[in-house]
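In: structure of the sequence below:
(chains A and B)
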There are 2 protein chains.
Amino acid sequence: MEERPYEALTVETLARRLGDLPALRDRIGDPAGWRVREVGDGNLNLVFIVEGDRGGLVVKQALPYVRLVGESWPLPLRRSFFEYHALRRQQARDPGSVPDVLHFDEGQALVVMEYLDGHIILRRALIAGTRHAGLGERLGLFCARTLFRGSDLHLPAAERKADLALFAGNVDLCAITEALVFTEPYFAAPMNRHTPGLDPIAAELRADAALKLAAQRLKTAFAARAETLLHGDLHTGSVMVRGDQVRIIDPEFAVYGPMGFDIGMLIANFLMAHCAQPGHGRDRADYQAWILSVIRAIWTSFAAEFARLWRTERTGMLFPRTLFEDQGQSWAADAACSGWLGQVWRDTLGFAGLECHRRILGLAHNADFESIADEGLRAACEAKALVLGRTLLLGQDDIAGIDALIDLARDIAERDWL
Amino acid sequence: MEERPYEALTVETLARRLGDLPALRDRIGDPAGWRVREVGDGNLNLVFIVEGDRGGLVVKQALPYVRLVGESWPLPLRRSFFEYHALRRQQARDPGSVPDVLHFDEGQALVVMEYLDGHIILRRALIAGTRHAGLGERLGLFCARTLFRGSDLHLPAAERKADLALFAGNVDLCAITEALVFTEPYFAAPMNRHTPGLDPIAAELRADAALKLAAQRLKTAFAARAETLLHGDLHTGSVMVRGDQVRIIDPEFAVYGPMGFDIGMLIANFLMAHCAQPGHGRDRADYQAWILSVIRAIWTSFAAEFARLWRTERTGMLFPRTLFEDQGQSWAADAACSGWLGQVWRDTLGFAGLECHRRILGLAHNADFESIADEGLRAACEAKALVLGRTLLLGQDDIAGIDALIDLARDIAERDWL
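Out: Residues are numbered from 1 along each chain as shown, chains lettered A, B, ... in the order given. Model (predicted):
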């Protein structure tokens, strides 16, 4: 199979084409009995769930174009290669955080993974209003471990440079982020769309030069500040949950970038879920408070684990112990950790602000808002997130910590902005 | 020759081994008449000047170890590959700024270049006390053009990412910079040395936690902030002059990094030349003033050319015209340019401070100071540069512009610090 030209799998061909692979056959049983369904609801790929006598697995295959848009927007299959390499590193850096990879075929651009039986996409859970114990803590740990352990704070410098070079090849998916997150939401780009009632606020944001400058400074940071290996697309559609179990999926946008990008995008998607709750039924006040508690837990657990790793796993070339701890200046190393986290916090606020805007004004929208049928209600919810996004982008230096962010999110969500 | 194993050239073997190459034979004439001498006085390589009937050329060959230290410090030959690729890009981005490359042999790790007849190393000129019209302006233009045109402000994103990945392979030379510039000067590393009279001030600097934190923040920026293709070793030993002609050489440390690294290192070497003048003879006050005028010209010419390129060649993905000029907001694009230059300035001050320290307390010293035979006088000159370096590192946010830097440099140089 390795040498055959690329061909997209179908429900009908999958068992015939993959049935001989021991990694699959040994795990789920005789291909003759496989039940295959295609469940991809993302923007880019085919996703099959394959169930056999002894269990199930997932086959994810890249398509040579953007599924959301169609064949008119070609997209290299090679993103599957980056997803595979990112999954391996995430599994090593935070064991149990991502699905096990069972097989990778570069030519067919497919990854075979553990099937997460009974898990649902977190975004769906946040719309349905279910709670998941320990969710924020687990996500914060994932961010701390993968972001710290992929950086020059931990890795040997040559290893980080090799990975920097490897993932710099992920050009096309980066180009999507660069255009859709940082630039297109801020002018009338052809593929943008938004709920009709938002015209005045969209026009106001697009005329706001200070906002656009902040967005471009963050784009500069995304493109040039190669701190660590990012997941690159860490929203609530890239998280699966089942009770208190959490798995992170879909790191095909992986690239070296600033730590705050992942955390900011993640927090932004919870902030949007918070703004969207009035659209999902009355009496969601308690659930909104729970969402805010998850955001708090993400940051506090990230910061605590990051500081622990700073003390115990700072084996890379930056802030070496030789200069600080070994000279009786542990306090200076601690101060450097605080300073580093302060920069991550400011970046987090900015990237979160961008994510709030692009999911409402750009091409790729969120089910959180899209599932609100009443356009007036949807616009009212989205307006809250747009105002919050602007406040985060322009308030990067002023929103002093997680408590201030929570207060701000609650305050903006309580008001009417249209 | 391509397939032969690597073998270091000698004065005796060069004509036999390279005599068949048309690029050389056609340019300088029959190899039977070649006169060859080895002139390498740098830290790393063999450098031959080859003269024939019709002219001369330079053959630079990497050695598999650090020449300054010896075979005990191996260093990959591959640095020659990076030097070649950097020279080609510099020649394209600022034509005439570097020697023409006539031939490159990757396996033999050698580059054949134009011979800069009558040129001398700028550092020697600064010790001798000769003036060169337009020197600072030319160096500022080189920095602006190479740094702007290698960045996401100008290049297509895919091209910058490909070059980022390519030069990320320059691991071993980066490791030298990372250790020798940012870390080893600030503790008692085995290869460090300094003039005896500097013991107290060296101890003071090495105990200064705020200084070491600033150095490590700059190391983080050097390692992670991949803004543009740097020369990577832009000191006055990497510049050749003849009258008003200027050429930049030796970019084998080339890597993607922050713009201020090149400018900071360059300015620091002029600042050290300024501090060293009292060691080269009486009555150098006018010459010192000239050195400061060159520093001023480097920055002002860099900033003016950078702003011109920002207006006329901003074709990359950052700060796109779509968001600013096309919306009637040119003033915002201008503001972004000022903001960018402000960041480059702060970085420049910091990297300049580091360079002043590592050339006096670390492994690789400067002829500016080393050529001062009187140890007491040398220490007095070096102490000025150490104090200046500390002031730059801790004053990154406070030294508001080039006039403030010039005043500071003059003030510190006028005092006695031992």
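In: residue ranges with poor pLDDT in chain A?
Out: Flagging of chain A using pLDDT under 70 yields the residue ranges A:1-3, A:42.
In: buried set for the longest helix that it contains?
Out: Across chain A, the longest stretch assigned as helix under DSSP state H is helix A:330-361. Neighbour counts over helix A:330-361 (16 or more other CB atoms under 10 Å in any protein chain shown) mark A:332-333, A:336-337, A:340-341, A:343-361 as buried. Quick note: C-beta positions are derived from backbone N, CA and C, even for glycine.
In: kindly report the same for stretch A:79-96.
Out: Buried, per 16+ other CB under 10 Å, within stretch A:79-96: A:79-87, A:89-91, A:93-94.
In: need the contact partners of it.
Out: Stretch A:79-96 is contacted by residues A:44, A:60-62, A:97-101, A:104, A:106, A:109-111, A:113, A:141-142, A:145-146, A:149-150, A:163, A:166-167, A:169-170, A:172-173, A:229, A:231-232, A:248, A:250-252, A:254-255 when judged by CB atoms under 8 Å, 6 or more residues apart in numbering or on different chains.
In: show me these that map onto strands.
Out: Members of these lying in strands (criterion: DSSP state E): A:60-62, A:101, A:104, A:110-111, A:113, A:229, A:248, A:255.
In: and the two most separated of these?
Out: Of all pairs drawn from those, the widest gap by CB to CB lies between A:Gln61 and A:Leu229 and measures 23.2 Å.
In: between these two, which is the more surrounded one?
Out: A:Leu229 (28 against 23; other CB atoms under 10 Å in any protein chain shown).
In: contacts only, for the more buried one.
Out: With the criterion set at CB under 8 Å, 6+ apart, A:Leu229 makes contact with A:86, A:89, A:146-147, A:150, A:163, A:167, A:254-256.
In: again with A:Glu370
Out: A:Glu370 sits in contact with A:Arg378, where contact means CB under 8 Å, 6+ apart.
In: do you know how far it is from A:Glu178?
Out: Using CB to CB, to the nearest Å, one obtains 24 Å as the distance from A:Glu370 to A:Glu178.
In: A:Asp368 now?
Out: Taking CB to CB, one finds A:Asp368 at 24 Å from A:Glu178.
In: give me every residue in the stretch 151-300 of chain A lying close to chain B.
Out: Selection of the stretch 151-300 of chain A residues close to chain B by CB under 8 Å from any CB of the partner chain yields A:151-152, A:157-158, A:160-162, A:164-166, A:168-169, A:171, A:174-175, A:178-179, A:183, A:186-187, A:206-207, A:209-210, A:212-213, A:216-217, A:219-220, A:223-227.
In: could you redo the last one with a cut-off of 6 Å?
Out: By CB under 6 Å from any CB of the partner chain, the residues of the stretch 151-300 of chain A that approach chain B are A:152, A:158, A:161, A:164-165, A:168, A:171, A:178, A:186-187, A:209, A:212-213, A:216, A:220, A:223-227.
In: just the buried residues of those.
Out: Here, 16+ other CB under 10 Å leaves A:152, A:161, A:164-165, A:168, A:171, A:178, A:186-187, A:209, A:212-213, A:216, A:220, A:223-227 buried among those.
In: next, give phi and psi for A:Val66.
Out: The phi/psi pair for A:Val66 (degrees, to the nearest 10) reads phi -80, psi 110.
In: can you check the one 4 residues further on too?
Out: Dihedral angles of A:Gly70 (phi, psi; degrees, to the nearest 10) stand at phi 120, psi -180.
In: what separates it from A:Leu44, distance-wise?
Out: Distance from A:Gly70 to A:Leu44, by CB to CB: 12 Å.
In: so which of the two has more stuff around it?
Out: A:Leu44 (22 against 8).
In: contacting residues for that one?
Out: A:Arg67 (CB atoms under 6 Å, 6 or more residues apart in numbering or on different chains).
In: just the closest residue of the stretch 251-400 of chain A to chain B, please.
Out: A:Ala332 (3.8 Å; CB to the nearest CB).
In: quick check: that residue touching A:Glu325?
Out: No: with contact defined as CB atoms under 6 Å, A:Ala332 does not count as touching A:Glu325 (8.9 Å).
In: lovely, talk soon.
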